[in-house]
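Visitor: Sharing a model that was predicted from the sequence below.
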Amino acid sequence: MPTDRVTFPSHTGDTLAARLDLPDGPHRATALFAHCFSCSKDIPAARRIASRLAAMGIAVLRFDFTGLGHSQGEFQNTTFTSNVDDLHAASAYLSERGMAPSLLIGHSLGGAAVLKAAAEMAHVKAVVTLGAPFDPGHVTHNFADALDEIREKGVAPVNLGGRPFHIGKAFVEDVEAAQLAPAIANLKAALLVMHAPRDAIVGVENATQIFVAAKHPKSFVTLDNADHLITAVEDAEYAAEVIAAWSARYLSLNPPAPPVGAPEGIVRASEADATGFLQDIQAGPDHHTIADEPAAYGGTNRGMSPYGFLSAGLAACTSMTIRMYARRKGWPLEHVFVDVTHDKVHAQDAGDATATRVDSFHRAIHLEGPLGDDQRQKLLEIADKCPVHKTLEASAHITTDLAPR
């Protein structure tokens, strides 16, 4: 998916740095991502979630809050309220581009910020929090040993995640005074709360408090063994997939018209991980899945292999064809399932002397119900009428060209 580096002015006029992850195909909605306290827009969890959403047609703007990452401004002069103001500035930037965000996603303190901001954004239809605190003041435990110095001197150096920062008194006072309960109660958007039970930074009880304070529609999904930063690839991928599937229920993802001659739309495979073989597969405007290779072949085994998809197409088409015929005849077919295995065999074994190796697919068709022997035999014959079967038996014509840049 293409990523544009963009900038926009903060509420104070400082330049905020951002990345806008755009869909390869039609743009169907826009999301705004708020990163965790002292983090940046480029943490792995943010990148993976943005990539997954872009694959289903949702553009994602992720930006660095004032004084962090590549954004201008002094971090020590920021507050929780200024973070919320930065979110409004980001929303205004997107709105000016005709891309007003309908989905807000916030990680940790960024989650608290999107809850506060969303209540004031009429165009937001759905909100997601990841490891967010119910009380924004919770964040001060990260530098509890410096609180006295901050209150006495107005600012003090702290160490957050191995990096030096200066925290100002205004931040401490503002974050301690922030109240999320009214904003959550007045949230006019669907809410998804995601949290890890073993989160050592923000306890899972915060998720319970957020969930209880919210009105329906609301959902809670556990991140199981994930850490607070969602650093493990599999945890970030899981969070991304859940957000993508959940948000589709609440966003107006109007599908574009399918291309002429392709009633189901275009099937697009887009690289999801350049270090392996993981692929995002978008089938038309409505369906998303992933493809991969087994670990033994250099993949991460997080999706079916290409030949697995080919076998699945044959199995599904066979089952559908049998069901359609039995339904039309009124036969008592209670259930059908088809097992397919794929292999390469020597051409002479397949009666073809012109090639050295050919693909071989074996189907095992399971028919359940009080069917007669003649009916079972007829359904076996009907399996060969499956359109995918006919395509594989015949030679398909494939044309290839380079898409324009």
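Guide: Okay, I see it.

Visitor: Tell me, how many residues neighbour the nearest residue to residue 209 once chain neighbours are set aside?
Guide: In this structure, residue 209 finds its nearest non-sequential neighbour in residue 134, 3.8 Å apart by Cβ to Cβ, 6 or more residues apart in numbering. Glycine gets a C-beta too; all of them are placed from N, C-alpha and C. One way to gauge burial is a neighbour count; for residue 134, by other Cβ atoms under 10 Å, it gives 24.

Visitor: Can you name the residues that contact residue 134?
Guide: Taking Cβ atoms under 8 Å, 6 or more residues apart in numbering as the criterion, residue 134 is in contact with 112, 180, 181, 206, 209, 210, 213.

Visitor: Give me the subset of these that lies in helices.
Guide: Secondary structure assignment (DSSP state H) places 112, 181, 206, 209, 210, 213 from the contacts of residue 134 within helices.

Visitor: and of those, the nearest to residue 6?
Guide: Minimum distance to residue 6 across the ones in helices among the contacts of residue 134 is 24.8 Å, recorded for residue 112 (Cβ to Cβ).

Visitor: Does that closest one touch residue 106 like I think?
Guide: Yes: counting by Cβ atoms under 8 Å, residue 106 is a contact partner of residue 112 at 7.0 Å.

Visitor: which neighbours do those two share?
Guide: Jointly contacting residue 112 and residue 106 under the rule Cβ under 8 Å, 6+ apart are 129, 132.

Visitor: Those two - which one has more neighbours?
Guide: With neighbours defined as other Cβ under 10 Å, residue 112 and residue 106 compare such that residue 112 has more, 32 against 27.

Visitor: residues in contact with the closest residue to the more buried one other than its chain neighbours?
Guide: Computed as Cβ to Cβ, 6+ apart, the closest residue to residue 112 that is not its neighbour in sequence is residue 136, at 4.6 Å. With contacts taken as Cβ under 8 Å, 6+ apart, residue 136 has the following neighbours: 80, 109, 112, 175, 176, 178, 180.

Visitor: so what does the longest helix along the chain touch, helix or strand wise?
Guide: For the chain, the helix that runs over the most residues, judged by DSSP H, is helix 306-329. Under the contact definition 3 or more Cβ pairs under 8 Å, 6 or more residues apart in numbering; DSSP states H and E, helix 306-329 sits against strand 335-346, strand 357-368, helix 373-383, helix 387-393.

Visitor: right, so of these, which gets closest to residue 155?
Guide: For the helices and strands packed on helix 306-329, proximity to residue 155 was assessed by Cβ to Cβ; strand 335-346 is nearest, at 65.3 Å.

Visitor: Average pLDDT for that closest one, rounded please.
Guide: Per-residue confidence for strand 335-346 averages out to 84 on the pLDDT scale.
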